[in-house]
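Engineer: could you work out the structure for the sequence below:
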Amino acid sequence: MKVAILHSRSSRTVCAKHLFWGYPDAGKEFIVDTDASDIGLGVVLSQRNGDQEIVIAYFSKSLSKLERNYCVTRRELLAVVKSLQHFSKYLLGRKFHLQTDHAALKWLLQFKNPEGQVAILMELLQEYDFVIEHRSGKSHGNADALSRRPCPEDCKHCTRQEGKEVVSVRMLRTDQLSNE
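Structural biologist: The predicted structure is shown next:
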């Protein structure tokens, strides 16, 4: 028990030391890390600044009862689709990197004749310009952690925060216009 508590504290300290938050930089490519677990999806939107990865935003979602019955590959594909839809204002019309710990997704997205639900999900990805990269599970802890403790659909805190984000962006644009 004491070992687990110490490990938990040291993990938080390590995360706090290596976590950098920032604002999106239009001149840099985005990185989208996605992951799916048995109960949820987790996504991290970030950008590189030298050797550091700067977190722009997080997203997580609980899976519905139906989605929990999907095979692993289909859940991982769903994580990609939901993440791109959620962050579309940042990603549409620009090239970005998509990182996943599920190697089969790289193969699946190059598949010539998908059928059924996989075809529908893959069609939703056609409007995005991205390069998919496999990242080992050990290096993919950011999105993995979010997928294991997903935010419920009706989370009032997240809904309020998303509304604030839009207001902040409008205020920034107004300030930029008045300074020119």
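Engineer: which stretches of this structure have low pLDDT?
Structural biologist: By pLDDT under 70, the low-scoring segments of the chain are 1-19, 136-180.
Engineer: report how many residues lie close to the residue nearest to residue 38 when sequence neighbours are not counted.
Structural biologist: Nearest in space to residue 38, with sequence neighbours left out and distances taken as C-beta to C-beta, 6 or more residues apart in numbering, is residue 68 at 6.4 Å. For the C-beta atoms, the positions are set from N, CA and C on the backbone; glycine is no exception. Neighbours of residue 68 under the rule other C-beta atoms under 10 Å: 13.
Engineer: now do the same for residue 90: helix, strand or coil?
Structural biologist: Three-state call for residue 90 (DSSP: H, G, I helix; E, B strand; the rest coil): helix.
Engineer: from residue 69, how far off is it?
Structural biologist: 31 Å (C-beta to C-beta, to the nearest Å).
Engineer: who has more neighbours out of these two?
Structural biologist: Each of residue 90 and residue 69 had its neighbours counted (other C-beta under 10 Å), and the higher figure belongs to residue 90 (18 against 10).
Engineer: now do the contacts for the more buried one.
Structural biologist: 24, 30, 45, 56 (C-beta atoms under 8 Å, 6 or more residues apart in numbering).
Engineer: rerun that using 6 Å as the cut-off
Structural biologist: Listed by C-beta atoms under 6 Å, 6 or more residues apart in numbering, the contact set of residue 90 reads residue 30.
Engineer: just to be sure, residue 77 is in a helix?
Structural biologist: Yes: applying three-state DSSP, one finds residue 77 inside a helix.
Engineer: isn't it right up against residue 119?
Structural biologist: No: checked against C-beta atoms under 6 Å, the pair residue 77 and residue 119 is beyond contact range at 10.9 Å.
Engineer: look at those two and report which has more neighbours.
Structural biologist: Between residue 77 and residue 119, counted using other C-beta under 10 Å, residue 77 has the larger neighbour count: 27 against 11.
Engineer: quick check: that one vs residue 97, distance?
Structural biologist: Per C-beta to C-beta, residue 77 is found 17 Å from residue 97.
Engineer: cool, and residue 125?
Structural biologist: In terms of C-beta to C-beta, residue 125 sits 14 Å off from residue 97.
Engineer: do the same with residue 55
Structural biologist: Counting by C-beta to C-beta, the gap from residue 55 to residue 97 is 15 Å.
Engineer: what does residue 79 give?
Structural biologist: From residue 79 to residue 97 the distance is 15 Å (C-beta to C-beta).
Engineer: same deal with residue 67?
Structural biologist: As for residue 67, its distance to residue 97 is 25 Å (criterion: C-beta to C-beta).
Engineer: and what of residue 88?
Structural biologist: According to C-beta to C-beta, residue 88 and residue 97 sit 16 Å apart.
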